[in-house]
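Engineer: from the sequence below, what's the structure:
(2 chains)
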Amino acid sequence: MNQSSRRRPVPVDVLVIGAGVVGTAVARELSLLDVSVAVIERWHDVGEETSKANSGVTNCGWSLKPGSLEGQLVSASYPQWPQLTTDLGVEWRKVGITMLAFTDEEVAALPAWVERADQNGNEALLLEGDDIFEYAPHASLSTKMAVHIPEEAVVDSVRLTVAYGEQASLNGVRFYFSQPAVSAEHVDGVVSEVSTPHHTFRPRFIVNAAGLGADDVSRILGGEDFAVTPRRGQWALLDREFGSRVPGILTGVPGPLGHGPMVLPTAHGSVLLGPTAEDQADKLDRTTDEANLNEVLARCTQMMPAIDMRFVTKRFAGVRANSDPTYRIGWSGSAGNVVHVAGIRSTGVSASPGIAQYVRDLLVEQGLSSTPKSNPVRVLDYRKPLWSGLDCAGAAADPLGRTVICACEKVTAGDIHQALSDPLPATSIIGVARRTHATWGRCQGSACLSGVSFITSMYTGHDPWEIPYHEPGSQLGVGATDD
Amino acid sequence: MTDVVVAGSGRCGLHVARMLADAGLEVTVVERLPQVGGQEPERDARTLERAARRAGVTFMLGTLAVSYDDGVVQTLGIDGASMLRVRALVLATGTRPQTRAELGIGGDRGAGVTPGSAAVHFLDSGLLLGRNPIVVGNGELAHHLCDALLDKGAHHVLSVASGPRIGDWSGITAIDNARVVRINGFPRVGSAVVATHDSTQEIVTDAVILASGRIPMRNVEGALFPGDSIYDCFGERDPKTDEEAIQTAAATARAVAGAIR
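Structural biologist: Just a heads-up that it's a prediction; the model follows:
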């Protein structure tokens, strides 16, 4: 039986495929126009794939190839961060990055990076001797020479993806989760319909922002053949307490696989060490292994000998979407109404505002209405979480804000209530964690996982053993106890 | 006016609070949960609480000591937010099992890997975590969880311990001198790799419960570790017996009282 023939297709001006940081940024940008937009996502929440495990760096563009589309879009995005993150209620701060050279060969490579930063319009300081430690007091004493770029910044990229999605949702964009694109119909070389297991859409335009799945989606849409190759990056997360010793980003001199690992303060004060760069066949392999991660940790320790792994909170892995060429952004050659946004390997967060505007302009050139929406939501009414500011008096104004559920990250019942009743509500434990940080602190849910689960269970009307941890089929338990 | 805030009202916290009050100091116990006792059995906790109250200790229940900065403890709880200027802060916030990162367990991030402390609450609330679970750990918590799981519907429980077992584990299937090094399965755990010094085996399981070690809970921002006017009740090792607990509490109380006077 052909189910889709019995459905009434949903007409939309733009169908966005993929709700990672790029897909949600595009949806948000389009939500400011007087057009109808739907987003389909194969996983159960926004930011469930590459965007759940990225560095959070908002690159200022210093290291990118001048004239490249990547460099252009990252540079166009950078000046937008202060206003954008204020409007969306997302933590963002300048921390600076210092590239450390330990060998004569690496020292010889540094002037070229200063020149590159210069070409990109970024201030770069070539540092020797005591000057190195003025800008990077945590750097190894055996550093021979360094380049410091003061503008480099970090953002809470997990919250960013949620916030893009929330703003889009408030402005009328409809999100369909756990709905992968499975088939498409064509008329005269353009895609007329796209179906998921439960819905059919009749889009005027389609944006393929499917990340690791962008090549599969292109094939489903009748677009060109290209390959997205997965590159795994493993990370270790260290406690905020250690974070006070890490004022800025440390990185090595780039090799053939990119910049190599970093010692990286996060937007909210903890520290990331990583990533590894492991090319692999399986797009969904986000496993961690001690051996590879320890190799990266050794390189981080070379840059910062005072790294103390007793502060490790979590080890995790993400998979970035590599493609040759990277930054495949533009109209499909064979499916006339499809814009690909594929192969955004490592600067998806950094370029997300610029990519969204670039894609909007492509669509408007081809006839999408550029009429602004009247009175769109521009600023999210977002209460800063307690952990980010420790504003106890503010939290106590709400009776639910007086009960702290997660003591490590200071997440209140009010925060969890908000996560479960947001415009894009959490539907899983990870969904609550993504929106609040509950269970993500130094005890990793030892004290609060049960409480978070029970509150989620009350809100969603499910029994506790039915609450998914993340994807469907990921229940915390296997059923009720015998007694 | 408060001289000392004691964060946490388990066995050690209640002893320290009472001892400091007996020494003539104004003491406030700040307890995260709505009732005192932490992991202490309720009847024993009540006895200690009564003794502390008789000595003049004030209690703020359902209240978290959120942070400590320059002599001020910021609290948030059912009665709202408050700032307490103190001369000393005592950390008695209890312990937790080791996390997956601390145990160095690699592999997939599927559901079904649960901290032992949370597992106790889940089982008490009627949620069976697995029918063939693996319990990691050699102490009381791990032992209790093995028994509780078997009692509440698990078919088979496997205990994996890296150190010497405490107590009588007869009747429980156990692998000694072993650790879980990897967990496989997504969206839910399907197997775990267990390594001993000379062997590695993959074992089919539907839950892994992490119940090893007793790591201090550190959640007062700005006071994660002892320091200037910050004391803790954890000592060299977590006290096992009541007598050890009283000794640890007394040592902490002496240090606090000595510093304040």
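
Engineer: okay, now the unreliable bits of the chain?
Structural biologist: If you meant another chain, say so; for now it's chain A. In the predicted model, chain A carries pLDDT under 70 at residues A:1-6, A:257.

Engineer: oops, wrong one, chain B.
Structural biologist: Low-confidence regions of chain B, defined here as pLDDT under 70, cover residues B:235-239.

Engineer: now the helices for it?
Structural biologist: Across chain B, reading from the start of the chain, the helices by DSSP state H fall at B:11-22, B:42-54, B:100-103, B:116-124, B:140-151, B:242-260.

Engineer: what do you get for the stretch 301-450 of chain A?
Structural biologist: Secondary structure of the stretch 301-450 of chain A (DSSP state H, counting those that start in this stretch): helices located at A:348-365, A:386-389, A:392-396, A:413-421, A:429-436, A:449-460.

Engineer: how about the ones you listed in CSV, adding mean neighbour count and distance to B:Thr93?
Structural biologist: For glycine as for every other residue, the C-beta is placed from the backbone atoms N, C-alpha and C. Formatted as CSV, these follow (neighbours: other C-beta atoms under 10 Å in any protein chain shown; distance: least, C-beta to C-beta, whole Å):
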stretch, mean neighbour count, distance to B:Thr93
helix A:348-365, 23, 35
helix A:386-389, 20, 17
helix A:392-396, 20, 18
helix A:413-421, 21, 20
helix A:429-436, 25, 21
helix A:449-460, 20, 16
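
Engineer: turn these into CSV, including distance to B:Ala52.
Structural biologist: Shown next, in CSV, are those (distance: least, C-beta to C-beta, whole Å):
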stretch, distance to B:Ala52
helix A:348-365, 51
helix A:386-389, 29
helix A:392-396, 25
helix A:413-421, 28
helix A:429-436, 34
helix A:449-460, 26
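
Engineer: the ones you listed: which one's closest to A:Ala139?
Structural biologist: For those, proximity to A:Ala139 was assessed by C-beta to C-beta; helix A:348-365 is nearest, at 23.3 Å.

Engineer: using CSV, write out every CA atom in that closest one.
Structural biologist: Coordinates of the C-alpha atoms in helix A:348-365 are reproduced here as CSV (Å, rounded to 0.1, in the frame of the first residue of the first chain):
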residue,chain,number,x,y,z
GLY,A,348,29.5,25.0,10.9
VAL,A,349,29.0,26.9,14.2
SER,A,350,31.4,29.7,13.2
ALA,A,351,29.7,30.2,9.8
SER,A,352,26.1,29.4,10.7
PRO,A,353,24.8,33.0,10.5
GLY,A,354,26.6,33.7,7.3
ILE,A,355,25.6,30.4,5.7
ALA,A,356,21.9,31.1,6.6
GLN,A,357,22.0,34.6,5.0
TYR,A,358,23.8,33.2,1.9
VAL,A,359,21.2,30.5,1.5
ARG,A,360,18.4,33.0,2.0
ASP,A,361,19.9,35.2,-0.8
LEU,A,362,20.2,32.2,-3.2
LEU,A,363,16.5,31.4,-2.6
VAL,A,364,15.4,35.0,-2.9
GLU,A,365,17.3,35.3,-6.2
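
Engineer: from the contact counts, what lies against it?
Structural biologist: Of the remaining helices and strands, those touching helix A:348-365 by 3 or more C-beta pairs under 8 Å, 6 or more residues apart in numbering or on different chains; DSSP states H and E are helix A:21-30, strand A:57-58, helix A:69-77, helix A:157-170, strand A:200-208, strand A:328-331, strand A:338-342.

Engineer: interface residues of the stretch 301-450 of chain A facing chain B?
Structural biologist: By the criterion of C-beta under 8 Å from any C-beta of the partner chain, the positions of the stretch 301-450 of chain A lying close to chain B are A:312-316, A:386, A:390, A:392-393, A:395-396, A:401-404, A:407-408, A:410, A:412, A:441-450.
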